[in-house]
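A.B. asks: this is the structure alone, sequence omitted:
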Ligand SMILES: NC(=O)c1ccc[n+]([C@@H]2O[C@H](COP(=O)([O-])OP(=O)(O)OC[C@H]3O[C@@H](n4cnc5c(N)ncnc54)[C@H](O)[C@@H]3O)[C@@H](O)[C@H]2O)c1
């Protein structure tokens, strides 16, 4: 009797594949390019909210062209989990066969979410940064603060210094203890006061915020200077007019998704009509910055295409290496009893 099986990959299975981070960056860059060429399907993500300030998102996508891929991420974000010793962002990814719809794999989605978010920021930096980007400021010393440092260095070889700040001094100290040994060729400088934060921003060519979502902005136009790239991972951390009045250029991964956040009031001063799509910039159909003086701001709210692209890469590597556990889904076609 025929058996329909799928591959199950735990987080540790994925970690054991030792996927080079640059491969993830390249996969994300490739899928953004395909998206801009109209080769993909990307319905707007939907969600349930079981508790205040939480979400569980359903995120399907299809990638066409060469190396087709289909899948869906079911991912939860529960900020209170940290205090419970549990992951804040976690879930599952399902990969399907594009010809038959068969489930090919079910895998952990935490690693994928963490790395693909930083990879989108890294690809944005690659195309939108000023030429000489020696200093970056990161506000938020959590999961994304760490991943962004890791991946930024891969696309910005000239990067010398990362200023790191957090609401909690203990978080900054834990960050330094983890990241400095991992990245000895970068100098990590802690930010503990408002004055130190301003000096860090003044010295930086990129400012990344990776804080928890809040209605109160922490970045204001007066803190910024021209010739910077701003990368908010949570649009509400930046004052509304940083997008509408201070920025010279707005870059996003998906304009449709940005519109849903706009309708939700996540840009308190609205948005200008002009925008550049990251994929168009990659394809050479738009520019990431027109001069060294521009202030470029980016909004990437996270699209399933990057998850599916990374999921497909993991699946191919796992198949080749025989990693994971094959689980039976079904045998019988006729199931009426
Ligand atoms: N766009 C995307 O695709 C995407 C994907 C994943 C996460 N995110 C967003 O990125 C952000 C960071 O995620 P994470 O997983 O790193 O979270 P995290 O909880 O691991 O880290 C957040 C850190 O920010 C600090 N923080 C909170 N408020 C602050 C403030 N006002 N000033 C300074 N520091 C502050 C916290 O103390 C914490 O250390 C979240 O807002 C999350 O929703 C976006």
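C.D. replies: Yes, it's here. All figures in this text were calculated on a predicted structure; none of them were measured in a lab.
A.B. asks: by proximity to the ligand, which residue of the stretch 101-250 of the chain wins?
C.D. replies: Nearest residue of the stretch 101-250 of the chain to the ligand, counting by CB to the nearest ligand atom: residue 142, 1.8 Å away. For the C-beta atoms, the positions are set from N, CA and C on the backbone; glycine is no exception.
A.B. asks: roughly how far out does the helix or strand that contains residue 121 sit from the chain middle?
C.D. replies: Assigned by DSSP states H and E, residue 121 falls within helix 110-128. In terms of CA atoms, centre = their mean, to the nearest Å, the centre of helix 110-128 is set 4 Å apart from its chain centre.
A.B. asks: anything in it near the ligand?
C.D. replies: Yes: against the ligand, helix 110-128 shows contacts by CB under 6 Å from any ligand atom at 113, 117.
A.B. asks: continuing past that helix, what's the next helix or strand?
C.D. replies: strand 135-139.
A.B. asks: does any part of that next one sit near the ligand?
C.D. replies: Yes: Strand 135-139 reaches the ligand (CB under 6 Å from any ligand atom) through residue 139.
A.B. asks: show me what that strand pairs with in its sheet, parallel or antiparallel.
C.D. replies: In the sheet, strand 135-139 lines up against strand 161-165 (parallel), strand 206-209 (parallel) (DSSP bridges).
A.B. asks: got TSV for those strands, with distance to the ligand, mean neighbour count and mean pLDDT too?
C.D. replies: Shown next, in TSV, are those (distance: least, CB to the nearest ligand atom, whole Å; neighbours: other CB atoms under 10 Å; pLDDT from 0 to 100):
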stretch	distance to the ligand	mean neighbour count	mean pLDDT
strand 161-165	6	23	98
strand 206-209	8	24	98
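A.B. asks: can I get those in a markdown table including distance to residue 217?
C.D. replies: Compiled in a markdown table, the strands paired with strand 135-139 are given as follows (distance: least, CB to CB, whole Å):
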| stretch | distance to residue 217 |
| --- | --- |
| strand 161-165 | 15 |
| strand 206-209 | 10 |
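A.B. asks: out of these, which is closest to residue 110?
C.D. replies: Taking CB to CB, strand 206-209 is the member of those nearest to residue 110, at 20.4 Å.
A.B. asks: quick one: the closest one to chain centroid distance?
C.D. replies: Offset of strand 206-209 from its chain centre (CA atoms, centre = their mean): 13 Å.
A.B. asks: quick check: mean pLDDT of the helix or strand just after that strand?
C.D. replies: Where DSSP H and E defines the elements, the next helix or strand beyond strand 206-209 is strand 229-232. For strand 229-232, the mean per-residue pLDDT is 98.
A.B. asks: about what we covered before: thought residue 209 was touching the residue of the stretch 101-250 of the chain closest to the ligand, still the case?
C.D. replies: No: taking contacts as CB atoms under 8 Å, residue 142 lies outside contact range of residue 209: 11.2 Å.
A.B. asks: residue boundaries of the strands in the stretch 51-200 of the chain?
C.D. replies: 55-63, 69-77, 89-96, 103-108, 135-139, 161-165, 187-191 (DSSP state E, counting those that start in this stretch).
A.B. asks: would you mind finding the most buried of these?
C.D. replies: strand 135-139 (a mean of 25; mean count of other CB atoms under 10 Å).
A.B. asks: show me which residues of the chain are close to the ligand?
C.D. replies: Counting by CB under 6 Å from any ligand atom, the chain sits next to the ligand at 82, 88-89, 113, 117, 139-145, 166-168, 171, 210-213, 218, 233-234, 300-302.
A.B. asks: so who does residue 60 touch?
C.D. replies: 43, 71, 72, 304 (CB atoms under 8 Å, 6 or more residues apart in numbering).
A.B. asks: among those residues, which pair sits farthest apart?
C.D. replies: Most distant of the contacts of residue 60, by CB to CB, are 43 and 71, 12.8 Å apart.
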